[in-house]
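> sequence unknown, structure follows:
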């Protein structure tokens, strides 16, 4: 079940919302002011694979950008 980041267009609050269903997307309101004028933000996710061959699906390198906690997202390389 996904967690989405939203930004309130009225007060500017950025908050996370855990959604149990796709229908719940239409009922998201700001946690601070209660406004329904919210915008879903683009989020980064980290995926880790622990298969037989780490090099097959992984692009590990000695450098990373530091903009994410995993230091292995696509923007780091």
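Done, it's in. Source: prediction; values computed, not measured. Residues are numbered from 1 along each chain as shown.

> touching, residue 40 and residue 6? I think so.
Yes: applying Cβ atoms under 8 Å, one finds residue 40 in contact with residue 6, separated by 5.7 Å. Just so you know, the C-beta spots here come from the backbone N, C-alpha and C atoms, and that holds for glycine as well.

> least trustworthy helix or strand in the chain by mean pLDDT?
helix 54-57 (a mean of 49; mean pLDDT, DSSP states H and E).

> give me the number of residues near residue 8?
For residue 8, the count of nearby residues is 21 (other Cβ atoms under 10 Å).

> could you do residue 34 as well?
10.

> tell me the pLDDT of it.
Looking at residue 34, its pLDDT reads 96.

> repeat for residue 31
94.

> what's the nearest residue to it if we skip its chain neighbours?
residue 15 (5.0 Å; Cβ to Cβ, 6 or more residues apart in numbering).
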